[in-house]
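Engineer: structure of the sequence below:
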Amino acid sequence: MNRGEIVERFLSKNLLVSPDFFECADIDEVALQKLPEREGPIVLNKDIIPLLKNSGKVSEINWMEFEKTRAAFEKGKDIKIYKTFLDILSYHYAPETKKMLDSINNEIKVPEGVVKVENQSGTAGVIVTKNYVDEDLKQKDVSNFVQYFKLRFNALRNILLSRPELRDAVSINRIINKKDREEVSFVGMLQNKRKTKNGNYLLDIEDITGKVTVIAEKRKETLMSIACDLVLDEVIGMTGIASDGVVYASSIFLPDIPLSNKVKKCADDVEVAFISDIHVGSGNFLEKEFLKFIKWLNEDKKAIKIKYLFVIGDVVDGIGVYPGQENNSVILDAGKQYSELARCLRMIRKNINIILCPGDHDAVRLTHPQPVLDKKLAKDLWELENLTLVTNPSVVNIHSGVSFSGFDILLYHGHGYHYYTSNVESIRKNDPVNNPRHVMKFLLQRRHLAPTHASTIYIPDNRFDPMLIDKVPDIFASGHLHKCDIGDYNGVITINTSCWQSITDFEIKTGNNPDPGKVPVLNLKTREVEVFNFYE
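Structural biologist: Alright, predicted model coming up:
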């Protein structure tokens with residue numbers, strides 16, 4: 001069969017063939033594949049030759065999505081998504097293509113700070129799509145923070161500029177000299193907020209070109225409700241009337257996540273469990289209840305569908321985390337605390353993928369983002385075959401396949417939550433200690449896990465902002481507040497987990513109200529969440 005005949009045969013199926021396809025393919029073998037007709041056109045290239053030759057399920061592959069990712073890859077955009085797509089294809093259809101993928105790895109320059117990490121056992125279904133990797137940890141100065149805030153500002157500005165209301169946005173230096181009343185729109189960072197005796201808000205907004213004062217008038221109720229909840233350093237969009245260096249606000253826009261038109265569901269009847277704040281080593285660790293949960297995972301018919309378990313920080317109680325902690329500890333060595341945790345997790349059936357990130361009690365730096373647990377200190381955890389260790393925060397894709405993109409789960413332990421529960425009026429009014437969903441919604445609206453500089457301690461990164469919610473997740477899962485709470489915002493399921501520690505003297509002093517031993521379980525097929533109680 002000559003090249004012309006090959007091309008014609010594929011064209012009849014709405015399939016185009018790239019030159020590199022002919023260079024590498026066993027044409028006769030590939031051409032004999034029973035490829036169904038497509039809405040196309042789809043371009044076949046060398047990367048998918050092993051998949052075509054070895055797959056008996058080629059018809060199930062979502063070629064249109066594959067083509068989109070390939071086009072983005074060739075333009076230098078979202079190159080890690082194309083690599084992830086190939087990984088998924090190889091997992092499910094052609095395991096022997098690992099050498100081909102390794103060669104592509106060498107060709108693709110993964111964006112700094114983003115790394116793909118596979119489950120230690122190589123189990124399909126867990127792909128870490130966002131995981132922090134430290135840069136050179138040199139001493140930081142003011143210039144590092146300036147650069148970091150510029151990166152944050154530009155990223156959130158780009159999100160805001162996608163809104164039609166801000167398509168004519170201009171820089172602030174083009175606003176401050178306007179004398180006549182004129183409609184303007186712009187994007188800026190909130191530098192200062194104050195309330196006048198008349199009940200109006202004065203907002204000092206800046207960008208890299210200048211600063212302007214915005215007046216949000218009391219008579220505009222919708223505007224005031226948004227202005228009331230604004231926190232320093234967050235990036236917002238504005239429309240209003242400019243006059244004599246002041247802007248009278250008409251609207252305030254948050255980066256926010258769009259309302260999803262489609263509800264993502266999985267064809268497989270698979271479930272995911274979420275836990276956090278185990279606090280192994282504490283005298284208040286509920287070991288009996290935790291082992292009861294593990295037994296339930298292994299033996300109960302209601303748990304048989306669970307294929308993934310997320311453990312979202314504070315897995316051990318740590319050492320010296322708060323004053324007098326040693327008086328309430330039964331294991332005074334962090335390494336032994338992790339060994340005891342590993343002993344417990346080792347009991348879990350091996351066909352459950354466990355994904356674990358650290359929290360503020362864990363033996364990693366307190367500054368955000370927090371790295372994965374140390375290989376030496378948590379050696380026993382690293383040796384667990386079905387465990388994937390990730391950073392805090394991170395994004396993990398689960399249960400993806402060639403015709404299903406999987407669920408993207410944003411993990412963040414939540415150490416900065418207390419700042420917003422104390423300083424944002426609408427969150428305070430909703431009893432945030434018992435309803436963490438409100439602070440999670442607040443952060444989704446800001447597209448950032450720490451929109452205010454003072455909310456948490458962090459290391460400024462001059463490459464990108466690891467706290468940015470750049471991609472909208474399907475699930476946002478947190479812990480820290482020791483309270484089980486489920487919500488849904490614009491199609492994103494929010495899950496705040498329970499704990500495995502009875503109330504401590506320190507929690508009594510801080511007003512925390514723990515709700516131990518409760519495990520939310522999400523069904524990926526129905527999107528329903530059921531909470532199981534192991535503390536009675």
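Engineer: and the gap between the spatially most central residue of the chain and residue 466?
Structural biologist: In the chain, the C-alpha closest to the average C-alpha coordinate belongs to residue 410, at a distance of 2.6 Å (Cα atoms, centre = their mean). Residue 410 sits 12 Å away from residue 466, going by Cβ to Cβ, to the nearest Å. The C-beta positions use only the backbone N, C-alpha and C, and glycine is treated the same way.
Engineer: next, show the common contact partners of these two.
Structural biologist: Common contact partners of residue 410 and residue 466 (Cβ atoms under 8 Å, 6 or more residues apart in numbering): residue 393.
Engineer: I'd like the next helix or strand past the longest helix along the chain.
Structural biologist: Longest helix of the chain, by residue count under DSSP state H: helix 142-160. Proceeding N to C from helix 142-160, the next assigned helix or strand is strand 182-195, under DSSP states H and E.
Engineer: buried ones in stretch 366-374, by neighbour count?
Structural biologist: For stretch 366-374, a neighbour-count test (16 or more other Cβ atoms under 10 Å) marks 368, 369, 370, 371, 372, 373, 374 as buried.
Engineer: could you work out the end-to-end span of it for me?
Structural biologist: One end of stretch 366-374 sits 14 Å from the other (Cα to Cα, to the nearest Å).
Engineer: off-centre distance for that stretch?
Structural biologist: On the basis of Cα atoms, centre = their mean, to the nearest Å, stretch 366-374 sits 16 Å off its chain's mean C-alpha point.
Engineer: what's in contact with that stretch?
Structural biologist: Outside stretch 366-374, the residues that reach it (Cβ under 8 Å, 6+ apart) are 131-132, 134, 338, 356-360, 362-365, 381-382, 389-393, 413, 415-416, 449-450, 456-459, 466-467.
Engineer: show me where the stretch 201-350 of the chain has helices.
Structural biologist: Counting by DSSP state H, counting those that start in this stretch, the stretch 201-350 of the chain has helices at residues 221-229, 287-299, 334-345.
Engineer: can I get those in TSV with distance to residue 241?
Structural biologist: Putting the helices of the stretch 201-350 of the chain into TSV (distance: least, Cβ to Cβ, whole Å) gives the following:
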stretch	distance to residue 241
helix 221-229	13
helix 287-299	58
helix 334-345	58
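Engineer: any idea which of the ones you listed is most buried?
Structural biologist: Each of these was assessed for mean neighbour count using mean count of other Cβ atoms under 10 Å. The highest is helix 334-345, with a mean of 20.
Engineer: buried set for the helix or strand just after that helix?
Structural biologist: Downstream of helix 334-345, the first helix or strand assigned by DSSP H and E is strand 353-357. By neighbour count on 16+ other Cβ under 10 Å, the buried set for strand 353-357 is 353, 354, 355, 356, 357.
Engineer: which strands and helices lie in contact with the next helix or strand after strand 353-357?
Structural biologist: For strand 353-357, the following helix or strand on the C-terminal side (DSSP H and E) is helix 379-382. Counting contacts by 3 or more Cβ pairs under 8 Å, 6 or more residues apart in numbering; DSSP states H and E, helix 379-382 packs against helix 334-345, strand 387-389.
Engineer: pLDDT on the longest one, on average?
Structural biologist: Mean per-residue pLDDT for helix 334-345: 96.
Engineer: show residues contacting it.
Structural biologist: Outside helix 334-345, the residues touching it (Cβ under 8 Å, 6+ apart) are 278, 280-281, 290-291, 294, 315-319, 331, 354, 363, 373, 377-381, 383-384, 387.
Engineer: just the buried ones from these?
Structural biologist: Among the contacts of helix 334-345, those buried by neighbour count (16+ other Cβ under 10 Å) are 278, 280-281, 290, 294, 315-319, 331, 354, 363, 373, 377-378, 380-381, 384, 387.
Engineer: just checking, residue 346 touches residue 385?
Structural biologist: No - Residue 346 lies out of contact with residue 385 (Cβ atoms under 8 Å); the separation is 9.6 Å.
Engineer: more neighbours: these two, which one.
Structural biologist: The residue with more neighbours, out of residue 346 and residue 385, is residue 346; 16 against 12, by other Cβ atoms under 10 Å.
Engineer: roughly how far does residue 16 sit from residue 127?
Structural biologist: From residue 16 across to residue 127, the span is 29 Å (Cβ to Cβ).
Engineer: so between these two, which is more surrounded?
Structural biologist: The neighbour count for residue 16 versus residue 127, taken as other Cβ under 10 Å, is higher for residue 127 (22 against 16).
Engineer: nearest residue to that one in space, please, no chain neighbours.
Structural biologist: Closest residue to residue 127 apart from its sequence neighbours, by Cβ to Cβ, 6 or more residues apart in numbering: residue 397 at 4.5 Å.
Engineer: over to residue 218?
Structural biologist: Residue 218 sits nearest to residue 199 (Cβ to Cβ, 6+ apart), 3.9 Å away.
Engineer: what helix or strand is that neighbour located in?
Structural biologist: Using DSSP H and E, residue 199 falls outside every helix and strand.
Engineer: next one: phi and psi at it?
Structural biologist: Per-residue torsions, residue 199: phi 90, psi 10 (degrees, to the nearest 10).
Engineer: for the residue lying closest to residue 145 once chain neighbours are set aside, helix, strand, or coil?
Structural biologist: Nearest residue to residue 145, sequence neighbours excluded (Cβ to Cβ, 6+ apart): residue 460, at 4.9 Å. Three-state assignment for residue 460 (DSSP: H, G, I helix; E, B strand; the rest coil): coil.
Engineer: could you chop the chain up by domain?
Structural biologist: Here the domain parsing of the chain from automatic domain parsing is 3-109, 142-253, 271-533.
Engineer: how about JSON lines for those domains, with distance to residue 261 added?
Structural biologist: Converted to JSON lines, the domains of the chain look like this (distance: least, Cβ to Cβ, whole Å):
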{"stretch": "domain 3-109", "distance to residue 261": "17"}
{"stretch": "domain 142-253", "distance to residue 261": "16"}
{"stretch": "domain 271-533", "distance to residue 261": "8"}
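Engineer: which of the ones you listed comes out lowest on mean pLDDT?
Structural biologist: The stretch with the lowest mean pLDDT among the domains of the chain is domain 3-109, at a mean of 57.
Engineer: look up how far residue 157 lies from residue 302.
Structural biologist: Distance, residue 302 to residue 157, by Cβ to Cβ: 47 Å.
Engineer: coming back round to it: contacts only, for the residue nearest to residue 127.
Structural biologist: 84, 126, 127, 128, 129, 405, 406, 407, 408, 409.
Engineer: could these go into TSV alongside secondary structure and distance to residue 440?
Structural biologist: Shown next, in TSV, are the contacts of residue 397 (DSSP: H, G, I helix; E, B strand; the rest coil; distance: Cβ to Cβ, whole Å):
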residue	secondary structure	distance to residue 440
84	helix	26
126	strand	23
127	strand	23
128	strand	21
129	strand	20
405	coil	23
406	coil	21
407	strand	17
408	strand	15
409	strand	13
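Engineer: which among the residues you listed gets closest to residue 178?
Structural biologist: residue 408 (42.9 Å; Cβ to Cβ).
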